[in-house]
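Enquirer: With the sequence up front, the predicted model follows.
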Amino acid sequence: MGDSEAASDHKTLFELTEDWNGIKHAVLRNAQGASARVSLHGGQIVSWRNNKGEELLFISSKAIFKSPKAMPGGISVCFPQFGNCDIHEQNGFVRNKMWIIDDNPPPLHPNASLGKSYVDLLLRPDKEDIKSWPHVFEFHLRVSLGSDGNLIVISRIRNINEKPFNFSFAYHTCLSVSDISEVRIEGLETLDYLDNLRGRKRFTDQGDAITFESELDRVYISCPPCVAVLDHERKRTCVMRKDGLPDFVVWNPWEKKAKTMVEFGDDEYKEMVCVDATVVETKITLKQEEEWTGRIELVPVPSSFCTDGLHPRFNFF
Ligand SMILES: O=P(O)(O)OC[C@H]1O[C@@H](O)[C@H](O)[C@@H](O)[C@@H]1O
């Protein structure tokens, strides 16, 4: 598993174990010498640690992994809904499902895959899911180690019924940061956003970067493909590149909301920031046998690498 697309001079090793509580762990390695340990729980990546020992994702210390229920943190795939504006459960049901390891995924276009070491998961709705959302789909999720050690996540959703459906989507992504007060997000300046804390009213961002001093919950609309999350204390910048997902959500609950959140430590809002690559404003419609693909890539780099805004290298996908 995992190396079927590798060229013959690539050596890919792959190990997978499963905990007593349903968490799947995989060690991914590539021919360039990079490796990462990934942990998956339902439709959620709960940890991604590279070979320098750096953890990219935040996960609440109070998380209880009773499968399959998403915990605060990690990267959750939110489908068929992101947010709580429709009749379905907040952020969709697929992250709370038991996914299976997919040994035989349909091939990806070679350019779309990039990474040659990966885990493939598959979800098909069961009878209960179809009662709450009457559509039949196949969701292929690939979690991949890029050639330079980056995390790449690719979702492919196919409508396998004659009835068209539409959906919103998110990679609900909680990044680990040293101290939220020291974090800046660059790449969303001058864009329009819907403010979830002010009845989803539309505003235009006026700042030169997003910084945090209270709760923030915004949907930035029709964004360029990259944002950079600068963590001064850790001297690390995490660049997120997206493809197929027009919008970004930026969220931190801050102190008061954190205290109301189940399975979330009172002070843990300081250690995380949510930057979600999403489809919110304009939903995707899939007719019979149509497929949608959405991808993100997380690139951790030393902060000195991109001090003057986004490095040109990150301005395209
Ligand atoms: O607790 P959940 O379902 O993972 O979502 C948490 C938050 O996720 C954010 O991305 C949203 O913008 C917030 O409004 C929401 O409260």
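Expert: That came through fine.
Enquirer: Check what pLDDT residue 307 gets.
Expert: pLDDT recorded at residue 307 is 45.
Enquirer: Look up which residues are beta-bridged to residue 248.
Expert: In this structure, residue 248 bridges to residue 220, residue 277 when assessed by DSSP bridges.
Enquirer: Report the contact partners of it.
Expert: Shown in contact with residue 248 (CB atoms under 8 Å, 6 or more residues apart in numbering): 188, 219, 220, 223, 227, 242, 275, 276, 277, 278. In short, each C-beta sits where N, CA and C put it, glycine included.
Enquirer: go again using 6 Å as the cut-off
Expert: Counting by CB atoms under 6 Å, 6 or more residues apart in numbering, residue 248 touches 220, 223, 227.
Enquirer: Alpha carbons of stretch 71-89, in CSV - could you do that?
Expert: Extracted as CSV, the C-alpha positions of stretch 71-89 are listed here (Å, rounded to 0.1, in the frame of the first residue of the first chain):
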residue,chain,number,x,y,z
MET,A,71,-12.3,16.1,19.0
PRO,A,72,-11.3,19.8,19.2
GLY,A,73,-8.1,20.1,17.1
GLY,A,74,-6.4,18.3,14.2
ILE,A,75,-7.7,18.5,10.7
SER,A,76,-11.4,17.4,10.3
VAL,A,77,-13.0,17.0,6.9
CYS,A,78,-16.3,18.7,7.1
PHE,A,79,-18.9,17.5,4.7
PRO,A,80,-21.7,17.8,3.5
GLN,A,81,-21.9,21.0,5.5
PHE,A,82,-19.4,23.4,7.1
GLY,A,83,-20.9,25.6,9.8
ASN,A,84,-24.3,25.3,11.4
CYS,A,85,-26.5,27.2,9.0
ASP,A,86,-28.4,24.2,7.5
ILE,A,87,-30.4,21.4,9.0
HIS,A,88,-27.6,19.0,9.3
GLU,A,89,-25.2,18.6,12.2
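Enquirer: And that stretch, what's buried?
Expert: For stretch 71-89, a neighbour-count test (16 or more other CB atoms under 10 Å) marks 71-83, 88 as buried.
Enquirer: Check the residues you listed one by one and keep those near the ligand.
Expert: residue 72 (CB under 6 Å from any ligand atom).
Enquirer: any chance of the buried residues of stretch 71-89 in JSON lines, with pLDDT too?
Expert: Shown next, in JSON lines, are the buried residues of stretch 71-89 (pLDDT from 0 to 100):
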{"residue": "71", "pLDDT": "86"}
{"residue": "72", "pLDDT": "90"}
{"residue": "73", "pLDDT": "95"}
{"residue": "74", "pLDDT": "97"}
{"residue": "75", "pLDDT": "98"}
{"residue": "76", "pLDDT": "96"}
{"residue": "77", "pLDDT": "97"}
{"residue": "78", "pLDDT": "95"}
{"residue": "79", "pLDDT": "96"}
{"residue": "80", "pLDDT": "95"}
{"residue": "81", "pLDDT": "92"}
{"residue": "82", "pLDDT": "91"}
{"residue": "83", "pLDDT": "83"}
{"residue": "88", "pLDDT": "70"}
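Enquirer: Which of the buried residues of stretch 71-89 sits closest to residue 172?
Expert: Nearest to residue 172 among the buried residues of stretch 71-89 is residue 76, at 4.3 Å by CB to CB.
Enquirer: hey, where'd the helices end up in this structure?
Expert: 110-113, 127-132, 254-260 (DSSP state H).
Enquirer: what's in contact with the last one?
Expert: When contacts are taken as CB under 6 Å, 6+ apart, the neighbours of helix 254-260 outside the stretch itself are 214, 215, 264, 266, 269.
Enquirer: Alongside the ligand, which residues does the stretch 1-150 of the chain contribute?
Expert: So the stretch 1-150 of the chain meets the ligand at 72, 90, 91 (CB under 6 Å from any ligand atom).
Enquirer: any idea how far residue 23 is from residue 37?
Expert: To residue 37, residue 23 is 12 Å away according to CB to CB, to the nearest Å.
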